[in-house]
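Colleague: this one's sequence-less:
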């Protein structure tokens, strides 16, 4: 049985964003629904986005859309993309330095039936959370409710929990789904995990 610990502290998000992206692998995303039900999953794939990175939303400065990235570390940056999907990012670096880690894939732990409902009744378990848009839909994340949310707060409905996970091998590779900064090796995933979006 996976042992769940406390939420990762704010200091976790003050280390180098690329290191944070690596260390987030194996940790738990936990979403508490208004009903009291808990949805959660192990982080199995991440990508880092830095201020001098042309693929970073903050590359050209602050806007209403990306303002959460410029806020305190340890907060969620949730945005809508392609007119279809929400994406969950975790803000890293001190306030005013806009960097974040995109959570690209989860391995479901709790609330699988509700996640299936949120994903339109999908039957294939591997397709439930093996992509950033899929996992945001499975967890019922919205920009209105979750963008800027403090994931380190004890009563937050969205938290990142420390997880005593078994050892794993990490793969480092280039990011996907972008058109700029494609050569930067800032994508990380757990080798052999079936929920990784793309190997």
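Modeller: Thanks, I have it. Remember, it's a predicted structure, so these values are computed and weren't measured experimentally.

Colleague: ok, then the element right after the helix or strand bottoming out on mean pLDDT in the chain?
Modeller: Ranked by mean pLDDT, DSSP states H and E, the weakest helix or strand in the chain is strand 4-7, scoring a mean of 76. With elements assigned by DSSP states H and E, the helix or strand that comes after strand 4-7 is helix 17-23.

Colleague: elements contacting that next one?
Modeller: Applying 3 or more C-beta pairs under 8 Å, 6 or more residues apart in numbering; DSSP states H and E, we find helix 17-23 packed against strand 38-49, strand 85-92, strand 99-110. Bear in mind the C-beta positions are built from the backbone N, C-alpha and C, glycine included.

Colleague: how does it look with 10 Å?
Modeller: strand 38-49, strand 85-92, strand 99-110, strand 170-173, strand 187-190 (3 or more C-beta pairs under 10 Å, 6 or more residues apart in numbering; DSSP states H and E).

Colleague: if you count neighbours, what's buried in it?
Modeller: Within helix 17-23, the residues that count as buried by 16 or more other C-beta atoms under 10 Å are 17-18, 20-23.

Colleague: would TSV of those residues with distance to residue 161 and pLDDT be doable?
Modeller: Below are those laid out as TSV (distance: C-beta to C-beta, whole Å; pLDDT from 0 to 100):
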residue	distance to residue 161	pLDDT
17	20	97
18	21	97
20	15	98
21	17	98
22	17	98
23	13	97
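
Colleague: now these in TSV, with distance to residue 182?
Modeller: TSV is the format used below for those (distance: C-beta to C-beta, whole Å):
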residue	distance to residue 182
17	18
18	16
20	21
21	17
22	19
23	24
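
Colleague: where does this structure dip in pLDDT?
Modeller: Within the chain, the stretches with pLDDT under 70 are 1-5, 82-83.

Colleague: make it 80
Modeller: 1-5, 58-61, 81-84, 165, 199 (pLDDT under 80).

Colleague: so residue 123 sits against residue 113, correct?
Modeller: No. Applying C-beta atoms under 10 Å, one finds residue 123 not in contact with residue 113, separated by 11.7 Å.

Colleague: re the thing from before, mind putting the helices and strands packed on helix 17-23 in CSV, distance to residue 57 and mean neighbour count included?
Modeller: Below are the helices and strands packed on helix 17-23 laid out as CSV (distance: least, C-beta to C-beta, whole Å; neighbours: other C-beta atoms under 10 Å):
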stretch, distance to residue 57, mean neighbour count
strand 38-49, 7, 25
strand 85-92, 9, 24
strand 99-110, 8, 24
strand 170-173, 21, 13
strand 187-190, 16, 23
